[in-house]
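1. here is my input; please provide its structure:
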Amino acid sequence: QEIFFYNISFSNLRGLNQPPLNSIDCDLIDISCAVCLHFKLFYEPVTTPCGHTFCLKCLERCLDHNAKCPLCKEGLSECLALRKYCKTVLMEELIAKYLPEELTERRKIYEEEIAELSNLNKNVPIFVCTMAYPTVPCPLHIFEPCYRLMIRRCMETGTKQFGMCIGDPKVNYPSRTVALVQYVVTEEIPLLLGENYAELLVLHDSVYDQAYMWFNSLKQPLKSRILSHFGPMPAKDPDPQASPNGPAWCWWVLAVLPLESRAQLPFLAMKSMKDRLNGIRRVLTFMSRTRSR
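-> From the prediction side, this is the model:
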């Protein structure tokens with residue numbers, strides 16, 4: 001039998017022997033979320049099969065940690081798997097009718113929280129996980145509650161953006177540590193023109209051909225694994241300076257090369273496309289010589 005979060009409205013109660021709504025004497029604490037900090041008024045209330053009501057966002061955050069009701073600890077695994085979060089319309093209508101001022105204030109608090117989360121110029125959420133390159137797919141298996149919450153907030157605020165960085169094996173951070181990461185915005189790198197651009201084109205085409213030959217020389221099982229994970233090698237760019245991130249194939253090659261993270265990281269820090277291409281060429285040359293021995 002399908003289990004889902006209950007959706008209760010006034011229409012569900014018609015015909016029942018209920019007291020008039022205007023005779024209900026309700027304490028604010030009775031319609032406040034037990035999970036919210038300082039017991040805030042219900043916002044987008046959801047009722048679980050065990051009969052307890054929470055704010056939708058609060059319940060989602062709790063279920064990231066434990067698939068049980070935050071109050072009675074009844075299992076909600078099936079509900080979590082179905083992801084059917086129906087608002088408790090009755091509770092929403094009662095709050096809107098009898099506590100309009102409190103609801104307006106609660107909505108204002110929620111909107112301020114969302115606005116703060118969406119201000120990427122102020123704070124950018126960081127996912128400490130693996131190396132990520134521009135234009136290259138980076139599949140993520142997110143199981144830690146803090147990162148589940150981070151991804152959900154990124155999607156809800158409409159930015160759909162977060163930073164990615166690799167961890168430092170020499171430093172053991174506590175699981176609940178929050179770090180303020182500072183970054184420096186560099187000046188825009190000028191485009192190469194004339195003879196310098198012609199030299200860049202020759203280097204670009206040469207390194208692309210070298211990378212293409214190296215990939216095709218790999219054994220078929222390894223090639224299949226690379227293709228299933230990263231997709232096919234991007235085509236050669238007619239103008240390597242067209243994209244501010246540089247040619248997509250450069251990042252693809254760097255992602256599939258068997259390099260340690262500490263060897264990959266300098267390529268991301270390079271400001272010169274010419275330096276990056278020369279670096280890729282040196283790595284490919286070394287790989288070819290190693291295989292030929």
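2. okay, residue 255 and residue 226: tell me how far apart.
-> As judged by CB to CB, to the nearest Å, residue 255 and residue 226 stand 9 Å apart. C-beta coordinates here come from the backbone N, C-alpha and C atoms, glycine included.
3. and if you look at residue 32?
-> Relative to residue 226, and taking CB to CB, residue 32 is found at 53 Å.
4. how about the CA coordinates for the least confident helix or strand in the chain by mean pLDDT, as PDB?
-> When the helices and strands of the chain are scored by mean pLDDT, DSSP states H and E, helix 77-82 comes last with a mean of 75. Taking Å, rounded to 0.1, in the frame of the first residue of the first chain, the C-alpha atoms of helix 77-82 are listed here in PDB:
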ATOM      1  CA  SER A  77      11.800   5.300   5.200                       C
ATOM      2  CA  GLU A  78       9.000   4.600   2.700                       C
ATOM      3  CA  CYS A  79       7.800   8.200   2.800                       C
ATOM      4  CA  LEU A  80      11.300   9.400   2.200                       C
ATOM      5  CA  ALA A  81      11.700   7.100  -0.800                       C
ATOM      6  CA  LEU A  82       8.500   8.300  -2.400                       C
END
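5. OK, contacts around residue 39?
-> The contact partners of residue 39, by CB atoms under 8 Å, 6 or more residues apart in numbering, come to 29, 32, 33.
6. if I look at it, how far off is residue 123?
-> 27 Å.
7. what's the answer for residue 86, then?
-> In terms of CB to CB, residue 86 sits 33 Å off from residue 123.
8. from the centroid of this protein, which residue is nearest?
-> Geometric centre of the chain, nearest residue: residue 151, 3.6 Å, by CA atoms, centre = their mean.
9. wait, a helix at that one?
-> Yes. When classified by DSSP: H, G, I helix; E, B strand; the rest coil, residue 151 is found to be part of a helix.
10. list the contacts for it?
-> 142, 162.
11. pretty sure residue 270 is touching residue 279, no?
-> Yes. Between residue 270 and residue 279 a contact is recorded at 7.1 Å, counting by CB atoms under 8 Å.
12. looking at these two now, which is surrounded by more residues?
-> Counted by other CB atoms under 10 Å, residue 270 and residue 279 do not tie: residue 279 has more neighbours, with 18 against 14.
13. report the buried residues of the least confident helix or strand of the chain.
-> For helix 77-82, the neighbour count (16 or more other CB atoms under 10 Å) marks 79, 80 as buried.
14. next one: it to chain centre, how far?
-> Here the centre of helix 77-82 is set off from its chain's centre by 22 Å, with CA atoms, centre = their mean, to the nearest Å.
15. any idea how far residue 33 is from the residue nearest to the centre of the chain?
-> Distance of residue 151 to residue 33, given as CB to CB: 22 Å.
16. what's the neighbour count on residue 260?
-> 8.
17. equivalent analysis for residue 27, please.
-> 7.
18. equivalent analysis for residue 62, please.
-> Residue 62, neighbours per other CB under 10 Å, totals 18.
19. ignoring the adjacent residues along the chain, who's closest to it?
-> residue 70 (4.7 Å; CB to CB, 6 or more residues apart in numbering).
20. what about that neighbour, which SS state?
-> Once three-state DSSP is applied, residue 70 turns out coil.
21. surely it meets residue 55?
-> No. Applying CB under 8 Å, one finds residue 70 not in contact with residue 55, separated by 11.0 Å.
22. which one of those two is surrounded by more residues?
-> Taking other CB under 10 Å, residue 70 and residue 55 do not tie; residue 55 has more neighbours (22 against 19).
23. quick one, phi psi at that one?
-> phi -70, psi 140 (degrees, to the nearest 10).
24. show me where the stretch 151-293 of the chain dips below the pLDDT cut-off.
-> Residue ranges of the stretch 151-293 of the chain with pLDDT under 70: 158-159, 171-195, 292-293.
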